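> Attaching a predicted model along with its sequence, questions to come.
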Amino acid sequence: MNSRIVLGVIPDAIRFHRGRTFLILFVWFTVAVYILLPAIYTLSSSLHRESGAWDLSYYKDFFSLGSSPGLQALYGSLSVSVASVLLAGLIGVPLAYFLERNDFPFRRVVSALMLMPLALPPVVGVVSFDLLFSESGIFPRGLAYLLGSEAPFFYLSGKSGIVAVHGYAMFPFFYLLVSSAVRDIDASLIEASRSMGLGKWGTFWKVELPLLNPALFGAAVMVLMTSMASFSAPLLFDVGGMYLSTHIYNLKMQNLWGEAYTATAVFMTASLLMLGLLLYLKGSRKYHTVGKGAPRVRQVIQSPMKRAAASAAGFAILTLVLLPHIAIVLWSFTKDGTWTHQILPPTYSVENYSSLLGQGPGGGEILQPVKNSLWMAGLATFANVAFGIAAAYILVRSRRGVRATSNLLLMLPWALPGTVIAMNLIATFNHRTPLALGFDLSNSVFLLPIAYFIRNIPLVVRPLAAAWERWGEDMEQAARSLGSGRLRTLRTVLIPLVISSLIGGALLAFVTALGEFVASAILFTPANKPIAMAIYGEFHSGAYGLCSAYGVFLIILIVLVMVASGRGLQRSAF
């Protein structure tokens, strides 16, 4: 009897390992076709001259000293990224301490709404900042009017404008991670430090700050990589400035393909080296708590005057945070063509929303970008879900070597800027290739959904992998011991365990694809013009009302998805 059981288990184990091997090959093949090989194609194109020879001429031009546009663009991107990290940290860290260390009326409301900048798609946020704070914006012109000046003497433009937009859009990274770290600091360590004679500042510098290093590092990495890849802020706030993302876009628009591929290769290399350096620095210094694990309780403000002042400060900060959202909603009711020299729009109507819903003159054409974005985001999200299930499974169920390799490969979509991903796809699929079943995808409607899919891989894979890690392997092994096959176990046991995380990740991937601007600007065609490009086009044509209506549509979708995915992730934790 025992021999029969053993003989029955061996073929099943072989089939199981074959199935897992198939998943590994599927994930690695997908990453190779859409990420690694395109990167190699770009490097090859940057070394290939039109005459057929291979040399380093493009790189010599890029790194030539003096007035090299390439070096100027590289310096511009690095300087803006570092400044963005500093500004986002200066905003996010004090806010985290203020809201986590003090308890006052409406603190929870203020704390929750601090994340609202994340609900602004990049192009929408930049448009709102431009209409608010640029030379022709509401606040500079309003301040000039109050002071009796003919021209604004303060406004955002150039690098200052880009850094301001980045600081606003990215401070929630610092706020989220530092808030969590502050909550987790062991209160007994603080008490022990104070009892040994260290004051508040001494305790902060020698005890609290080292414990916050992982959170500060994580937030700095996210801000640095995100600001390096930024495209909409440089494009709208500093048209004449030199930044890698816009420099590559301009070279592509001028059909200077060799130079564009070279700049893309440098951008890709710089991003990967920066990520590697930051990961090395992260591992070089670690701190572990050895206290009792007692949580630190928020200090309740007792004085009525101080409570009122704290609440007023919280609402003042919240007003500034929500200002771009309020402004974009206000402008969405503006009748286009009526707002010229006035500080505020003089006429309001619902005409923009009627057009957006396909009603009125030109409604069908106005609605088309919405339809395009919906089907492309839907297709990309479907691919993200199918790929994400396989990738997350091998991350938590494979051996250490396979898991480490897969984890490294799956970090690439996050590390590579959107500009790089788009240019890599052009370099690979701008001719008939077996990778595209013999088709030329360069002018097709399918290259952009592929870019959406690549960009959003981590949004689905990471939550799934984390959820399966929490559950362990016991449920799967129990199902298999009862005779359930691999597919049935996946369908009836594993996926139901993480369904909330799967839905949350899929929704986040969907709305992120809806608002994607970087890849859209490089890869879209007239047949699949997305919402982001419609917003950009209407803004430059002066149709601020319709442009803002598109933006409000995206914001509403993103807020609904954030609420739905947040509840789903909370349910999956229990």
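Done, it's in.

> name the element L441 belongs to?
Assigned by DSSP states H and E, L441 falls within no helix or strand.

> That one reaches F429, doesn't it?
Yes: here L441 lies in contact with F429, judged by Cβ atoms under 8 Å, at a distance of 4.0 Å. For glycine as for every other residue, the C-beta is placed from the backbone atoms N, C-alpha and C.

> Identify the contacts common to these two.
The contact sets of L441 and F429 overlap at L447 (Cβ atoms under 8 Å, 6 or more residues apart in numbering).

> Assess the claim that L409 and V31 are in contact.
Yes: counting by Cβ under 8 Å, L409 does reach V31; the two are 4.7 Å apart.

> Looking only at neighbour counts, state which of those two leads.
The neighbour comparison of L409 against V31 (other Cβ atoms under 10 Å) goes to V31, with 21 against 18.

> so who does the more buried one touch?
Contact analysis of V31 by Cβ under 8 Å, 6+ apart lists 409-410, 412.

> Let's see that with 7 Å instead.
By Cβ atoms under 7 Å, 6 or more residues apart in numbering, V31 lies in contact with L409.

> Tell me how far it lies from V420.
15 Å (Cβ to Cβ, to the nearest Å).

> Now do R108: how many residues are near it, please.
By the measure other Cβ under 10 Å, the count of residues near R108 is 10.

> again, but for the one 4 residues further on
Counted by other Cβ under 10 Å, the residues lying close to A112 total 12.

> Which pLDDT does the model give the residue nearest to F153 when sequence neighbours are not counted?
With Cβ to Cβ, 6 or more residues apart in numbering as the criterion, F153 has its nearest non-adjacent residue at 6.8 Å, and that residue is A144. pLDDT for A144: 84.

> quick one: A144 and A151 touch, right?
Yes: with contact defined as Cβ atoms under 7 Å, A144 counts as touching A151 (6.4 Å).

> Looking at those two, which is more packed in?
A144 (17 against 9).

> Next secondary structure element downstream of the helix or strand hosting that one?
Taking DSSP H and E as the definition, one finds A144 inside helix 138-146. Following helix 138-146 in sequence order, the next helix or strand is helix 158-184 (DSSP H and E).

> tell me the average confidence for that next one?
Helix 158-184 shows a mean pLDDT of 86 in the predicted model.

> Could you list every helix and strand in contact with that helix?
For helix 158-184, the packing partners by 3 or more Cβ pairs under 7 Å, 6 or more residues apart in numbering; DSSP states H and E come out as helix 69-101, helix 122-133, helix 209-228, helix 232-237.

> which stretches of the stretch 251-400 of the chain form helices?
Assigned by DSSP state H, counting those that start in this stretch, the stretch 251-400 of the chain shows helices spanning 257-284, 304-332, 351-356, 363-397, 400-415.

> out of these, nearest to L554?
Closest to L554 of those is helix 363-397 (Cβ to Cβ; 8.9 Å).

> ok, and for the closest one, which residues are buried?
Of the residues in helix 363-397, 366-367, 369-370, 372-374, 376-377, 379-381, 383-385, 387-397 count as buried by neighbour count, 16 or more other Cβ atoms under 10 Å.

> pLDDT below threshold where in the stretch 401-550 of the chain?
Along the stretch 401-550 of the chain, segments meeting pLDDT under 70 span 436-438, 470-495, 497-498.

> let's go with 80 and repeat that
The model of the stretch 401-550 of the chain has pLDDT under 80 over residues 431-443, 466-501, 504, 542.

> go on, the stretch 251-400 of the chain?
Applying pLDDT under 80 to the stretch 251-400 of the chain flags the ranges 274-304, 306-307, 310, 336-345, 347, 355-366, 396-398.

> mind checking how far V461 is from A220?
Here the criterion is Cβ to Cβ. By it, V461 lies 23 Å from A220.

> so what's the residue nearest the centre of the chain closest to, chain neighbours aside?
Most central in the chain under Cα atoms, centre = their mean is T226, positioned 6.7 Å from the mean C-alpha point. What sits nearest to T226 in space, not counting adjacent residues and going by Cβ to Cβ, 6+ apart, is M170, at 6.0 Å.

> Ok, L502 next?
Using Cβ to Cβ, 6+ apart, the closest residue to L502 is L464 (6.0 Å).

> Next, find the distance separating the one you found from N384.
For L464, the distance to N384 equals 10 Å [Cβ to Cβ].

> And L507, by the same measure?
Distance from L507 to N384, by Cβ to Cβ: 11 Å.

> same question, L147
Applying Cβ to Cβ, the value for L147 to N384 is 52 Å.

> again with L374
Taken as Cβ to Cβ, the span from L374 to N384 is 15 Å.

> What of A73?
31 Å.

> L131 too?
Distance from L131 to N384, by Cβ to Cβ: 33 Å.

> again with S349
Applying Cβ to Cβ, the value for S349 to N384 is 39 Å.

> next one: L554
For L554, the distance to N384 - Cβ to Cβ - is 19 Å.

> now do L235
Computed as Cβ to Cβ, the L235 to N384 distance reads 27 Å.

> likewise S111?
Distance of S111 to N384, computed by Cβ to Cβ: 30 Å.

> Over to D440?
According to Cβ to Cβ, D440 stands 25 Å off from N384.

> With V266 instead?
Distance of V266 to N384, computed by Cβ to Cβ: 29 Å.

> what do you get for M170?
Noted for M170: a distance of 24 Å to N384, by Cβ to Cβ.

> cool, S160 as well?
When distance is defined by Cβ to Cβ, S160 is 37 Å away from N384.

> One more: I457?
In this view, I457 and N384 are 6 Å apart by Cβ to Cβ.

> Could you do V321 as well?
Going from V321 to N384 by Cβ to Cβ gives 30 Å.
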